[in-house]
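In: Please find the sequence and the predicted model below.
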Amino acid sequence: MRVLKWLNENIEEYILMGLLIFMVGMMGVQVTMRYLFNASLTWSEELTRYAFVWSAFISVSYCIKRHISIKIDQFLHLMPETVQRVILSINKVIMLAFFSYMLYYAVLVVKSTYLSNQLSAALGVPIYLVQASTVIGFSLAILRLIQSLLGVLKSPNTVK
């Protein structure tokens, strides 16, 4: 139970931190190779790009979990708390429907790419591994939205 609680609280942060450290390190190696040794790595930029794609989709669930997505809530705070909770609940249900829709098509795209055996140009890794970031990201976003919606419905004093 302790492990699940830790994962729930920290998984996105550690994945994003690891990907950021990896991307900075990889680009540092690439710059060093290019300017000090006059020899460029052919695969480092592709690998960094794929890590960036993964970080972009993982960050969606992180933003939902931390309630730091871009939003305009000036008018929301002028309303009574019950109205705020209703509006937030509707907003989260709409987002849940959107991410569910996106997850469905992301799975179809990944399946199609998996069946086509498409490989990346420089690394030769299967492209479906990169595209799986959409499935993981949207799944985590759905999980975080459900948690957030339950939080709004359960606690009457907390509106985020």
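Out: Good, I have the coordinates. Remember, it's a predicted structure, so these values are computed and weren't measured experimentally. Numbering: from 1, shown residues only.
In: Setting aside sequence neighbours, what's the nearest residue to residue 54?
Out: Closest residue to residue 54 apart from its sequence neighbours, by CB to CB, 6 or more residues apart in numbering: residue 133 at 4.4 Å. Glycine gets a C-beta too; all of them are placed from N, C-alpha and C.
In: just for the protein, where's the confidence low?
Out: 156-160 (pLDDT under 70).
In: Please enumerate the helices of it.
Out: Applying DSSP state H to the chain gives helices spanning 2-36, 44-66, 81-116, 127-154.
In: What helices and strands are in contact with the longest one?
Out: In this case it means helix 81-116. Under the contact criterion of 3 or more CB pairs under 8 Å, 6 or more residues apart in numbering; DSSP states H and E, helix 81-116 touches helix 127-154.
In: how about a cut-off of 10 Å?
Out: In terms of contacts (3 or more CB pairs under 10 Å, 6 or more residues apart in numbering; DSSP states H and E), helix 81-116 is packed against helix 44-66, helix 127-154.
In: any idea how far that helix is from the chain center?
Out: Centroid separation for helix 81-116 versus its chain: 13 Å, with CA atoms, centre = their mean, to the nearest Å.
In: Also the shortest one?
Out: The offset between the C-alpha centroid of helix 44-66 and the centroid of the whole chain comes to 6 Å, using CA atoms, centre = their mean.
In: That one packs against which elements?
Out: helix 2-36, helix 81-116, helix 127-154.
In: ok, now with 8 Å
Out: helix 2-36, helix 127-154.
In: Deepest-packed of those, please.
Out: Greatest average neighbour count among the helices and strands packed on helix 44-66 goes to helix 127-154 (a mean of 18), per mean count of other CB atoms under 10 Å.
In: Next, the angle from that one to helix 2-36.
Out: 140 degrees (axes from the mean of the first three to the mean of the last three CA atoms, to 10 degrees).
In: Just send the helices and strands packed on helix 44-66 back as JSON lines, with distance to residue 77 too.
Out: Shown next, in JSON lines, are the helices and strands packed on helix 44-66 (distance: least, CB to CB, whole Å):
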{"stretch": "helix 2-36", "distance to residue 77": "27"}
{"stretch": "helix 127-154", "distance to residue 77": "15"}
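In: Minimum distance to residue 65: which of the ones you listed has it?
Out: helix 127-154 (4.6 Å; CB to CB).
In: can you put the helices and strands packed on helix 81-116 in a markdown table and add distance to residue 6?
Out: Output for those, formatted as a markdown table (distance: least, CB to CB, whole Å):
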| stretch | distance to residue 6 |
| --- | --- |
| helix 44-66 | 14 |
| helix 127-154 | 15 |
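In: If anything else comes up later, I'll come back, but that's it for now.
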